[in-house]
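Visitor: below: sequence and its predicted model.
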Amino acid sequence: LQAQLLQAQKMESVGRLAGGVAHDFNNMLSVILGHSELALDDLAPDSPVHNDLLQIRQAAHRSADLIRQLLAFARKQTAIPKILDLNKTISGMLKMLHRLIGEDIQLRWLPEEGLWPVMMDPGQIDQILANLCVNARDAIDNTGEISIRTKKGLFDINHIPPEKGFIPGEYVVLSVHDTGSGMEPEILSHLFEPFFTTKAPGKGTGLGLATIYGIVKQNGGYIDVRSRPSEGTSFSVYLPRYEGLPEESHPEESRVPPGSP
Ligand code: ADP
């Protein structure tokens, strides 16, 4: 529990710091990007500084990507949860995921029929899957396989060790499995820390799993990781079953946004 608390505090302060810096930095970056675009437009392609400007623009684009990730990591409060059938939500994302990991890599989709609904922002599902699939792609190095699976069930402490603060109950599970490099215990112990990465500079930010951790916590869920060096890794995201009313039958007044007359 102590470790959980420490992790939560660390996430919160890094999130606040990152959000503040990212916001200001983003404004400055827009100036760099805007002016390098303008300068490139005005410049003859054979100018000696043409290549320098291209490099500036490329670096600014890379920085913008990093900032986007930082903001996604810091911005937890803007989620707009909806009642979702995860199978439908994920089916709609498969094309994008395939493009993300590369069309040549085998991506299997194994949904369990008759899944229970969950209450979540579909954009958060997108973030979870995109981050897990990119990590899986990097781990398999083109020669393995990635599978995405859904299932539902009543899970107790036989499934997840109680020291993770797991509350037994009914969950919908979304898992991503890869047959890649797997992880040594030393790496596993740092997995969800913000900025922990083993990837080359410019390739990894160490924010992917920290972001997922924040999202899953926010939604009352859990993440279980099983990994063996040189055999592969499975990330299972447990999301609580939504047991409220279907969206259509909500009373009209509950849809009035807060602050409306
Ligand atoms: P990043 O991908 O930017 O490094 P993440 O937080 O997503 O940041 O991941 C942190 C680290 O966890 C990675 O650098 C990698 O060492 C390890 N990792 C994550 N997913 C996997 C996986 N599926 N297989 C092997 N290692 C992984």
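Guide: Happy to help now that I have it.
Visitor: for the rest of this, base every contact and every neighbour count on C-alpha atoms.
Guide: Noted.
Visitor: any idea how far the ligand is from Trp109?
Guide: As defined by CA to the nearest ligand atom, to the nearest Å, Trp109 lies at a distance of 17 Å from the ligand.
Visitor: hmm, the longest helix along the chain touching the ligand?
Guide: When the chain is parsed with DSSP state H, its longest helix is helix 2-42. No: Helix 2-42 stays clear of the ligand (CA under 6 Å from any ligand atom), getting no nearer than 12.5 Å.
Visitor: tell me which helix or strand comes right after that helix.
Guide: For helix 2-42, the following helix or strand on the C-terminal side (DSSP states H and E) is helix 50-74.
Visitor: check contacts around Pro229.
Guide: By CA atoms under 8 Å, 6 or more residues apart in numbering, Pro229 lies in contact with Ser181, Gly182, Met183, Glu184.
Visitor: so how do I select the buried members of the residues you listed in ChimeraX?
Guide: Buried subset of these, written as a ChimeraX selection, criterion 16 or more other CA atoms under 10 Å:
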select :181,182,183
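Visitor: which strand or helix spans Arg149?
Guide: Under the criterion of DSSP H and E, Arg149 resides in strand 145-155.
Visitor: would you mind measuring from Arg241 to the ligand?
Guide: If you go by CA to the nearest ligand atom, the gap between Arg241 and the ligand works out to 26 Å.
Visitor: near the ligand, which residues of the stretch 51-200 of the chain?
Guide: Near the ligand, when you scan the stretch 51-200 of the chain using CA under 6 Å from any ligand atom, you find Asn135, Ala136, Ala139, Ser181, Gly182, Met183, Leu191, Phe196, Thr197, Thr198, Lys199.
Visitor: my read: Leu107 touches Gly144, true?
Guide: No: using CA atoms under 8 Å, Leu107 is not in contact with Gly144; the gap is 9.6 Å.
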